[in-house]
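Peer 1: sharing a model prediction with you, sequence too.
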Amino acid sequence: MRRARVSLLALVLGAAALPATGQEVAAGSGAVLRGLDRLSGTTTDIRVPTGAAAIFAGRLSIELRECRYPVANPTGDAYAFVAIRDTATGSALFDGWMIAAAPALNALDHMRYDVWVLRCTSD
């Protein structure tokens, strides 16, 4: 059952990472992500340049490896490849693509924090 779920997720993410037929995709210079602290209920927008990392809530290191968006719709349908680590332990919490249009599809699995991509930046 788990293997089938992983295969389905890989198929969906693979399809999401490819532009639709005839759709041109551009790479952003960074991304805006949103972090939620479930305990306090506060949200924080996090700007991260491509190739850099930002600290969220003093506990998570969020590294942006790549952000892509459709040229025809630069404010929507962004997808970003991020790596999230726990700064206290150094353990990897997430490593993969996050999709703005479907934040729950491939999400950070953490008991206190949620992080998702909002859009790419092209400064």
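Peer 2: Right, received. Where do you want to start? Residues are numbered from 1 along each chain as shown.
Peer 1: burial measure for Gly51, as a count.
Peer 2: 11 (other C-beta atoms under 10 Å). Yep, even glycine has a C-beta here, placed from its N, CA and C like the rest.
Peer 1: swap in Cys120?
Peer 2: Applying other C-beta under 10 Å, I find that Cys120 has 25 neighbouring residues.
Peer 1: contacting residues for the nearest residue to it once chain neighbours are set aside?
Peer 2: The shortest distance from Cys120 to any non-neighbouring residue, by C-beta to C-beta, 6 or more residues apart in numbering, is to Gly28 (2.9 Å). For Gly28, the contact set (C-beta atoms under 8 Å, 6 or more residues apart in numbering) comprises 50, 67-69, 78, 120-122.
Peer 1: show me the contact partners of stretch 112-119.
Peer 2: So stretch 112-119 is contacted by 31-39, 45-46, 56-57, 59-60, 62, 67, 69, 74-76, 78-80, 82, 84, 94, 98-100, 103, 107-108 (C-beta under 8 Å, 6+ apart).
Peer 1: for the longest strand belonging to the chain, give the mean pLDDT please.
Peer 2: If you go by DSSP state E, the chain has its longest strand at strand 60-70. Averaged across strand 60-70, the pLDDT comes to 97.
Peer 1: so what pLDDT did the residue nearest to the spatial centre of the chain get?
Peer 2: Residue closest to the average C-alpha location in the chain (C-alpha atoms, centre = their mean): Met98, at 3.4 Å. As predicted, Met98 sits at a pLDDT of 96.
Peer 1: which helix or strand contains it?
Peer 2: strand 92-99 (DSSP states H and E).
Peer 1: check Trp116 too.
Peer 2: Per DSSP H and E: strand 113-121 holds Trp116.
Peer 1: can you report phi and psi for the residue nearest to Cys120?
Peer 2: phi -80, psi 160 (degrees, to the nearest 10).
Peer 1: could you pull out the strands for the chain?
Peer 2: 25-27, 30-37, 42-49, 53-56, 60-70, 79-86, 92-99, 113-121.
Peer 1: gap between the third one and the chain center?
Peer 2: If I follow you right, that is strand 42-49. Centroid displacement of strand 42-49 relative to its chain, using C-alpha atoms, centre = their mean, to the nearest Å, is 12 Å.
Peer 1: understood, closing this out.
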